[in-house]
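Chemist: I'll drop the sequence and a predicted model, then ask my questions.
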Amino acid sequence: MASYKDIQGFNIQNLTSDPVPFAQDKENNPYGGVWSSGGNLPTGRSGAGAFGTQTAAVVFGGEIPAVTNTADSYNGTSWSPINSMNVVGYRTAGLGTQAAGKRVASGPAPYFGTAVEDFDGTNWTSGTNLTTPRAIYNAAGGTQTASIVVSGFIPSSPFPTGTTANVESWNGSAWTEVTDVNRSRIGAYAGTQTAGVFASGAHYDSAPSITNVTNTEIWNGTSWTEVAEVNFARRGHGSSGISTSAIIFSGSGPGPNIANTESYDGTSWTEVNDVGNALNEIAAATGSPSSISIKIAGSGPSNLTEEWTFSGIPPTTPAVGYSDAIIGQIYYNSTTGSFKAITAGGAPLGAWSSGGNLNTTRGSNFGFGASSTSALTAGGADPISSANTVTETYNGTAWTEVNDLNTGAQVAGSFGTLTAGIKASGNGSPGVFTTSVESWDGTNWTEVNELNTSRGYGRSCGTQTAGLYFGGYQLPGSPPANNARADNESWNGTSWTELSDLSVARSSAASAINSPSTDTLVAGGDTWGPSPSPANATVETWNGTAWASGTNFNTARRAVMGAGEFSTSVLIYGGLGPPTGNASTEFWNGSSWTEVNDLATARSWASCNGTSPNALIAGGESPGYYNVTEEWTAVDFVINTLT
């Protein structure tokens, strides 16, 4: 006889509404934070150091207005004077906790020092000095027994100051010089002795002038790697957090002090809520996820304190309660009166949606950017000009015209972010390809060192300081005439170096534009020849040393666009093949190609950027010129109605 349990079956959940995809929930509740006022310092100071957390911090040294050795402690509400350091300090740094902290660098005038002192919660004890004297601000991290000191100002000749790339690590017994940063500066470091992020800062060039830079470098305990740059270059700023979840805040211009705060998720920087007081030469405790900022005005000592608290859904939080928890779930939606089931989503599942139109209709334009909501497009051909200079930036809603290229170009290579990118080669005027390269800093284009080989229709990937430009086409009369190129050149932020050629010479192909210069993919294109050759579907992958043949995609095409963050996660879309504009989109997961939802507008020779779950296409042609923008967004899961 059947039991009641056998007859009943199993219970399903009764919901009044469908679950919200995790990606949408993060968009509705983004990871940000807010600044609030804390207790004022007893005496204002500038250029001080600090360590600790939001409820247990120490600030020390600085100018009041003379350089001092005094210190104060914070309990989350108010500051109290504590024992003074043994040596005065200005533009000094701190690390550790209120009960076990360390002061490093700087000292008496001229404020370039090696002084190190340990704090035990009551007293300061002189420690082993650094090897290289420096002024450092907030570029130190770790604990009292496992510390790191990064870059900084140093005395130099013939100019009064310079910057060093030197990095020193403390193991509890001695300081050891470790791998230098790629670009010397007095910046801000957030993290531990073996994992951190070093962001922005002031760099001294070969002339007696200082330049704020947007560089960001990640430390893994062995080497420094340049990653996505900050949006606003600054110096005298604070930082807090770890290598995959950090903030930088305030600081100075050039120009007025900056109120801007930026949050780093391990991949990119996002502007979040401003500080209440835009100040310079601040001290910052390094606790995470909360941090404390002792705001110090550039125009004179300040006693203001502000506290930052994160809010929203952290970038690395698992989708608990969302797609990860409910894949395979069957439930009843009592509002719609229907049974539903949930299946997995991901990069292969997604759709194109309409975005804001370009201000200038064009094709053969180029672009770069981290996502569909942070993009740049420039150059191209339009009904009036065969190689225009117009540059536009995109915020996810609308395009805004910004400063023009120095030289008009179409079918150029490009890579980088909204505030730090590179345009390489291209067709500068009818029938003429160039070796011209321009660098974008978020405001202006600057001509930099040229490519070794002139060509157009090539593809590219990487960052402003570590990029790759490969393939392309040489014009008739340029040996070898009428042929696609296999050339492959790398960019290190200063110059181009020829590397191993492509296995198959090709032009007008697609690449994983947001992938690093050591891990990318090229797909499709054509080989030209005495007469235009048909489009192909061949694929090659690059490991930083050599190209290897990959799996062909489904629909052969040329003049195709691509987006992706690695060679194993790529989206290709649009193009010509054959013989008119193509709307198909394909996703590569490292094993196979999958056809996914088509573009709404079939087109070729368009600007592209982004990653495989978050891509963009803008402009294009086939056969006329377009101003339309489409954004690709992958879904976390799919809800199916059961019938």
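Modeler: Cool, got the structure.
Chemist: average pLDDT across stretch 187-195?
Modeler: Model confidence over stretch 187-195, given as mean pLDDT, is 94.
Chemist: so where's the stretch 201-350 of the chain shaky on pLDDT?
Modeler: 205-208, 287-300, 315-326 (pLDDT under 70).
Chemist: Give me the buried positions along stretch 391-404.
Modeler: T391, E392, T393, Y394, W399, V402 (16 or more other Cβ atoms under 10 Å). (C-beta placed from N, C-alpha, C; glycine too.)
Chemist: Name the residues linked to G33 by a beta bridge.
Modeler: F310 (DSSP bridges).
Chemist: so it sits right up against W308, yeah?
Modeler: Yes - between G33 and W308 there is a contact at 5.5 Å, judged by Cβ atoms under 8 Å.
Chemist: Neighbour count: the two, which is higher?
Modeler: Counted by other Cβ atoms under 10 Å, G33 and W308 do not tie: W308 has more neighbours, with 26 against 17.
Chemist: would the more buried one count as being in a helix?
Modeler: No - W308 is assigned strand when assessed by DSSP: H, G, I helix; E, B strand; the rest coil, not a helix.
Chemist: picking that back up, make JSON lines from the buried residues of stretch 391-404 and add secondary structure, pLDDT and distance to T53 to it.
Modeler: Formatted as JSON lines, the buried residues of stretch 391-404 follow (DSSP: H, G, I helix; E, B strand; the rest coil; pLDDT from 0 to 100; distance: Cβ to Cβ, whole Å):
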{"residue": "T391", "secondary structure": "strand", "pLDDT": "96", "distance to T53": "44"}
{"residue": "E392", "secondary structure": "strand", "pLDDT": "96", "distance to T53": "43"}
{"residue": "T393", "secondary structure": "strand", "pLDDT": "95", "distance to T53": "38"}
{"residue": "Y394", "secondary structure": "strand", "pLDDT": "94", "distance to T53": "39"}
{"residue": "W399", "secondary structure": "strand", "pLDDT": "95", "distance to T53": "43"}
{"residue": "V402", "secondary structure": "strand", "pLDDT": "94", "distance to T53": "41"}
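Chemist: Could you point out the longest strand of this protein?
Modeler: The longest strand of the chain (DSSP state E) is strand 338-354.
Chemist: Going by neighbour count, list what's buried in that one.
Modeler: K340, A341, I342, G345, G346, A347, P348, L349, G350, W352.
Chemist: Next: stretch 135-153.
Modeler: Across stretch 135-153, burial judged by 16+ other Cβ under 10 Å covers 135-144, 146-153.
Chemist: Equivalent analysis for stretch 546-559, please.
Modeler: Within stretch 546-559, the residues scored as buried using 16+ other Cβ under 10 Å are W547, G550, F553, T555, A556, R557, R558, A559.
Chemist: Check the secondary structure at the residue lying closest to the first one once chain neighbours are set aside for me.
Modeler: The reference is to W547. Once flanking residues are discounted, W547 sits nearest to E540: 4.6 Å by Cβ to Cβ, 6 or more residues apart in numbering. At E540 the chain is in strand, as set by three-state DSSP.
Chemist: mind listing what E540 touches?
Modeler: L502, S503, V504, L521, V522, A523, W547, A548, S549, G550 (Cβ atoms under 8 Å, 6 or more residues apart in numbering).
Chemist: how near is it to T267?
Modeler: Applying Cβ to Cβ, to the nearest Å, the value for E540 to T267 is 25 Å.
Chemist: T393 contacts V402, correct?
Modeler: Yes - the pair T393 and V402 passes the contact test of Cβ under 8 Å, sitting 5.5 Å apart.
Chemist: how about stretch 560-576: buried residues?
Modeler: 560-576.
Chemist: Which of those fall in strands?
Modeler: Applying DSSP E to those, the entries found in strands are M561, G562, A563, G564, E565, F566, S569, V570, L571, I572, Y573.
Chemist: Next, work out how far apart the first one and A105 are.
Modeler: Right, the one you point to is M561. From M561 to A105 the distance is 48 Å (Cβ to Cβ).
Chemist: Now do the same for A387: helix, strand or coil?
Modeler: Assigned by three-state DSSP, the conformation of A387 is coil.
Chemist: which residue sits closest to it in space, ignoring its chain neighbours?
Modeler: G408 (3.7 Å).
Chemist: what domains does the record give for this structure?
Modeler: Using automatic domain parsing, the domains assigned to the chain come out as 8-22+321-345, 30-311, 360-603.
Chemist: one step back: which of the buried residues of stretch 391-404 lies closest to G127?
Modeler: Distance to G127 across the buried residues of stretch 391-404 (Cβ to Cβ) is lowest for T393, with 48.2 Å.
Chemist: Tell me what that closest one is bridged to.
Modeler: In this structure, T393 bridges to L376, T400 when assessed by DSSP bridges.
Chemist: Next: S439.
Modeler: According to DSSP bridges, the residues that bridge with S439 are I422, T446.
Chemist: so it makes contact with G421?
Modeler: Yes - between S439 and G421 a contact is recorded at 7.5 Å, counting by Cβ under 8 Å.
Chemist: more crowded one of the two?
Modeler: A side-by-side neighbour count of S439 and G421, using other Cβ under 10 Å, places G421 first with 26 against 19.
Chemist: before we move on, back to that, out of the ones in strands among the buried residues of stretch 560-576, which is nearest to H203?
Modeler: Distances from H203 to those, taken by Cβ to Cβ, are shortest for E565, at 28.3 Å.
Chemist: Which residue is the nearest non-sequential neighbour of the closest one?
Modeler: T611 (4.4 Å).
Chemist: and if you look at P613?
Modeler: Using Cβ to Cβ, 6+ apart, the nearest residue to P613 is A634, at 3.7 Å.
Chemist: how about the strands in the stretch 1-150 of the chain?
Modeler: 13-15, 32-37, 49-53, 56-60, 71-74, 79-82, 93-96, 101-104, 116-119, 124-126, 140-143, 146-150 (DSSP state E, counting those that start in this stretch).
Chemist: thinking again about what came up before, considering the domains of the chain, which stretch scores lowest in mean pLDDT?
Modeler: Minimum mean pLDDT among those: domain 8-22+321-345, a mean of 77.
Chemist: S495 reaches L451, doesn't it?
Modeler: No - counting by Cβ under 8 Å, S495 stays clear of L451, with 10.0 Å between them.
Chemist: okay, these two: which has more neighbours?
Modeler: L451 (23 against 14).
Chemist: Let me know the closest of the buried residues of stretch 391-404 to A412.
Modeler: Once Cβ to Cβ is applied, the member of the buried residues of stretch 391-404 that ends up nearest A412 is T391, at 12.2 Å.
Chemist: What's the local residue count around N452?
Modeler: Neighbours of N452 using other Cβ under 10 Å come to 12.
Chemist: so it touches W496, yeah?
Modeler: Yes - look at N452 against W496 with Cβ under 8 Å: they come within range, at 5.6 Å.
Chemist: where do the contact lists of these two overlap?
Modeler: Between them, N452 and W496 share these contacting residues under Cβ under 8 Å, 6+ apart: E489.
Chemist: Do a quick rundown of the helices in the stretch 251-400 of the chain.
Modeler: Ranges of helices in the stretch 251-400 of the chain, per DSSP state H, counting those that start in this stretch, are 323-326.
Chemist: mind listing the strands for it?
Modeler: Under DSSP E, counting those that start in this stretch, the stretch 251-400 of the chain gives strands at 261-264, 269-272, 283-284, 291-295, 304-311, 330-333, 338-354, 366-371, 374-378, 391-394, 399-402.
Chemist: Thank you, goodbye.
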